[in-house]
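Colleague: Just the structure for this:
(one chain, ligands or ions: 1)
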Amino acid sequence: MTDSPNDTSKDSASVDDQSSIPVEQSPALTEKSSGSEASDARDLEQVRADIDAVDSQIQTLIAQRARCAQRVAAIKLEEVQAARARGEPDQEVVYYRPEREAQVLRRIMDRDTGPLEGPTVAHVFREIMSACLALEKPLQVAYLGPEGTFTQAAALKHFGHAAVCVPQVTIDSVFSEVESGHCNYGIVPVENSTEGMVSHTLDSFIDSPLKIAGEVEMRISHHLLASSGTQMEEITRICAHQQALAQCRNWLDAHWPKIERLAVSSNGEAARIAAQNPGTAAIAGDMAAEAYHLEPLAEHIEDAADNTTRFLVIGRSEVPPSGIDKTSIVVSSRNKPGALFTLLDPFRRHGVSLTRIDTRPSRTEKWAYVFFIEFEGHVQDPAVLEIMRELEEQSILLKPLGSYPRGVL
Ligand SMILES: O=C(O)C(=O)C[C@]1(C(=O)O)C=C[C@@H](O)C=C1
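Modeller: Residues are numbered from 1 along each chain as shown. Alright, predicted model coming up:
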């Protein structure tokens, strides 16, 4: 499948076409105010004039950057067409390049000198890149819906707001929408700092041909939400995703010990139910409150102050090295003494650090297990290649799930 980018013929200009304007130091920024009211007002006017001038320069530069992105899109398309003309198998044009985005964002964080903090500036650039990519090819991202879930918030954090987020009812349908090509990428929760692994996500990887293309961490803060004007005494039922109920268990036991708790398919669904049923409150986050016009009865009710969920981005193509990468694999070996030690020993010998290891029952053999192993490095690194070769010899199953840039934001 080859998609044409938006028309780049008129607008694709090189950076030289637009000369960048040096930022002038205005007197208002350098001179000390005399302190009188009249001179304060003049200063304010001058500084605002400076802001207008800087905004105009930023706008010109963003337009220059967007034209560069259009040119990149045209080159990517030309490359795929040239390969087709040479008789090579049809390839998909890969507009989204996670490794490049990670490098751009890391450089922005490293370069930052204040007064804004590195991550703040990086978020601004995240949105600029998202808009530039949408000029090349708008991305469709499947996420575990409905609207207002933390998974949607993670999708927007990772891809920016120019991505088109497409809600799915189950984790399975996120996988199948990407596998079928209806969506370019998908995003699924994989672990929570309080509740551990999302086993359904891990199991889905075993049979899926998809590759992991990235990771996103989200600080998860839950609120008790109800429709506007609802009083505490009116609440007869609290609904939430079972993970959210578990993450707020102590708070619920202390404040609402006698009220019914109902587990539903997602926090977004809980918010939807609360919006339609007076007397039902939901546990959900800011996005759900906004999407369903709910008000907080209590805020930040999670038991652990640093409650964080990690999400994985899934796609159809492999991601080249970004310089700071992780790799995930599924591996299984014969059930014999020292099996796990034998699987892990190559990592020690080649000096590669593990970042996670999880066990799931094998679906093909009773009392046998598969290991999900995640480690630092990219599958193109020589040490990682050697580890994979050794694991291949020792295991009965070895499935690389993908190498991807370590989360930046
Ligand atoms: O460098 C590219 O390949 C681009 O398409 C440009 C750009 C960008 O705006 O910087 C846009 C989208 C990609 O995901 C990565 C980077």
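Colleague: going forward, measure contacts between C-alpha atoms and count neighbours the same way
Modeller: OK.
Colleague: Leaving out chain neighbours, which residue sits closest to the spatially most central residue of the chain?
Modeller: Centroid-nearest residue in the chain: His158, 3.3 Å away (criterion: Cα atoms, centre = their mean). Among residues not flanking His158 along the chain, Val216 sits closest, at 6.5 Å (Cα to Cα, 6 or more residues apart in numbering).
Colleague: can you tell me the helix or strand for the one you found?
Modeller: strand 211-219 (DSSP states H and E).
Colleague: how far is the helix or strand following that strand from where the chain is centred?
Modeller: Going down the chain from strand 211-219, the next helix or strand is strand 223-227, by DSSP H and E. Taking Cα atoms, centre = their mean, to the nearest Å, the mean C-alpha location of strand 223-227 is offset from the chain mean by 26 Å.
Colleague: which strands and helices sit next to the helix or strand just after strand 223-227?
Modeller: As assigned by DSSP H and E, the chain's next helix or strand after strand 223-227 is strand 237-241. Helices and strands touching strand 237-241, by 3 or more Cα pairs under 8 Å, 6 or more residues apart in numbering; DSSP states H and E, are strand 260-264, helix 267-276, strand 280-284.
Colleague: Could you say which of those is packed most deeply?
Modeller: strand 280-284 (a mean of 30; mean count of other Cα atoms under 10 Å).
Colleague: Quickly find the element holding the nearest residue to Ser208 once chain neighbours are set aside.
Modeller: Leaving aside its chain neighbours, Ser208 sits nearest to Phe175 (7.6 Å; criterion: Cα to Cα, 6+ apart). Per DSSP H and E: Phe175 is located in helix 171-179.
Colleague: got any ranges where the protein has weak pLDDT?
Modeller: Along the chain, segments meeting pLDDT under 70 span 1-35, 367.
Colleague: do that again at 50, thanks
Modeller: Low-confidence segments of the chain, defined by pLDDT under 50: 1-22, 24, 27-28.
Colleague: Tell me which helix or strand comes right after the longest helix along it.
Modeller: As assigned by DSSP state H, the longest helix anywhere in the chain is helix 37-85. Moving toward the C-terminus from helix 37-85, the first helix or strand encountered (DSSP H and E) is helix 98-111.
Colleague: isn't Gln242 right up against Arg261?
Modeller: No - with contact defined as Cα atoms under 8 Å, Gln242 does not reach Arg261; the gap is 9.4 Å.
Colleague: what does the chain have sitting close to the ligand?
Modeller: Contact residues, the chain versus the ligand (Cα under 6 Å from any ligand atom): 69, 72, 95-98, 100-101, 129, 132-133.
Colleague: circling back: partner strands of the strand holding Val216, with direction?
Modeller: The partner list of strand 211-219 in its sheet, established with DSSP bridges, is strand 308-315 (antiparallel).
Colleague: now the partner strand and helix 171-179, what's the angle there?
Modeller: 30 degrees (axes from the mean of the first three to the mean of the last three Cα atoms, to 10 degrees).
Colleague: Contacts for whatever helix or strand comes next after strand 308-315 next, please.
Modeller: The helix or strand immediately downstream of strand 308-315 is strand 325-332, counting by DSSP H and E. The contact list for strand 325-332, computed with Cα atoms under 8 Å, 6 or more residues apart in numbering, reads 206, 212, 369-379, 395-406.
Colleague: Adjacent strands (with direction) for strand 325-332?
Modeller: In its sheet, and by DSSP bridges, strand 325-332 pairs with strand 369-376 (antiparallel), strand 397-405 (antiparallel).
Colleague: Quick check: buried residues in the longest one?
Modeller: Applying a neighbour-count criterion of 16 or more other Cα atoms under 10 Å, one finds 398-405 buried in strand 397-405.
Colleague: Mind telling me the two of the residues you listed farthest from one another?
Modeller: Spatial extent of the buried residues of strand 397-405 (Cα to Cα) is set by the pair Leu398 and Pro405 at 21.3 Å.
Colleague: ok so, going back, show me how to select, in ChimeraX, the buried members of the residues of the chain next to the ligand.
Modeller: ChimeraX command restricting the residues of the chain next to the ligand to the buried ones, with burial defined by 16+ other Cα under 10 Å:
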select :69,72,95,96,98,100,101,129,132,133
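Colleague: Mind picking the one among the residues of the chain next to the ligand that's closest to Glu390?
Modeller: Nearest member of those to Glu390, counting by Cα to Cα, is Pro98, at 28.6 Å.
Colleague: That closest one contacts Gly407, doesn't it?
Modeller: No - Pro98 is beyond contact range of Gly407, at 10.2 Å (criterion: Cα under 8 Å).
Colleague: Between these two, which contacts overlap?
Modeller: Gly214.
Colleague: follow-up on the earlier one: next SSE after the helix or strand hosting the residue nearest to the centre of the chain?
Modeller: Secondary-structure assignment from DSSP H and E places His158 in helix 150-159. Next helix or strand after helix 150-159 toward the C-terminus (DSSP H and E): strand 164-168.
Colleague: Listing partners with orientation, what would you give for that next one?
Modeller: When DSSP bridges is applied, strand 164-168 pairs with strand 140-144 (parallel).
Colleague: and the angle for the partner strand with helix 150-159?
Modeller: 150 degrees.
Colleague: Could you tell me how far strand 140-144 lies from the centre of the chain?
Modeller: Distance, stretch centre to chain centre, for strand 140-144: 11 Å (Cα atoms, centre = their mean).
Colleague: can you check stretch 137-150 too?
Modeller: Counting by Cα atoms, centre = their mean, stretch 137-150 comes out at 11 Å from the chain centroid.
Colleague: For it, give the distance from the opening residue to the closing one.
Modeller: 25 Å (Cα to Cα, to the nearest Å).
Colleague: related to what we said a few turns ago, the residue nearest to Ser208 contacts Cys183, correct?
Modeller: No - contact criterion Cα under 8 Å: Phe175 and Cys183 do not qualify, at 9.5 Å.
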